[in-house]
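Chemist: Here is a sequence together with a model predicted from it:
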Amino acid sequence: MTHYKVGYYKPTFEFTRISEFMAILDECGNPVGLTGPATSRQAALDARLFAASPDLLFSLKTLCILLEQLQENTNNLSPALLSELKVENALERAQSVIHQVENGSR
């Protein structure tokens, strides 16, 4: 697993020689981030992952809320409660986003 952090980058000479980058774009097509040379498979995967991050964060938030609700109702755990809380839907959404990112369809 690759770990990332936020920081500042001063372009190096090698960076300035790259003519085409993988990029994360906003809804208007403006670049909001670069992940590396367009020829890099890892840069393409990273760009897709970052572009999918809002959906992944939504799924994680949903799962966290559901977990809190489950912890509050520990005496009432049942399949009906789990279904009612839509844990399965949140997990399926996260799985779908991850699958799309990994297979390049996003």
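Modeler: Nice, I can see it. Bear in mind that the values here come from a model prediction, so they are computed numbers and not experimental data.

Chemist: What ranges does this structure have for its helices?
Modeler: 13-17, 41-72, 79-84, 87-102 (DSSP state H).

Chemist: what would the ones you listed look like in TSV with mean neighbour count and mean pLDDT?
Modeler: C-beta: built from backbone N, CA, C; applies to glycine. Converted to TSV, the helices of the chain look like this (neighbours: other CB atoms under 10 Å; pLDDT from 0 to 100):
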stretch	mean neighbour count	mean pLDDT
helix 13-17	9	90
helix 41-72	15	84
helix 79-84	10	60
helix 87-102	15	79
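
Chemist: Make CSV from those helices and add distance to Cys28 to it.
Modeler: Output for the helices of the chain, formatted as CSV (distance: least, CB to CB, whole Å):
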stretch, distance to Cys28
helix 13-17, 25
helix 41-72, 14
helix 79-84, 40
helix 87-102, 22
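
Chemist: per-residue confidence for the residue nearest to Ala43 when sequence neighbours are not counted?
Modeler: Once flanking residues are discounted, Ala43 sits nearest to Gly36: 3.0 Å by CB to CB, 6 or more residues apart in numbering. Gly36 is assigned 92 on the pLDDT scale.

Chemist: can I assume Gly36 is in contact with Asp46?
Modeler: Yes. The pair Gly36 / Asp46 is scored as a contact, 7.1 Å apart, by CB atoms under 8 Å.

Chemist: So for these two, which residues contact both of them?
Modeler: Counting by CB atoms under 8 Å, 6 or more residues apart in numbering, the residues touching both Gly36 and Asp46 are Met22.

Chemist: Tyr4 is nearest to which of the helices of the chain?
Modeler: Of all those, helix 41-72 sits nearest to Tyr4, with 8.2 Å by CB to CB.

Chemist: and the angle from that closest one to helix 87-102?
Modeler: 170 degrees (axes from the mean of the first three to the mean of the last three CA atoms, to 10 degrees).

Chemist: so what secondary structure elements neighbour helix 41-72?
Modeler: strand 21-25, strand 31-37, helix 87-102 (3 or more CB pairs under 8 Å, 6 or more residues apart in numbering; DSSP states H and E).

Chemist: Residues in contact with the last one: which ones?
Modeler: The list of residues contacting helix 87-102 from outside it, by CB under 8 Å, 6+ apart, reads 45, 48-49, 52, 55-56, 58-60, 62-63, 66, 82, 106.
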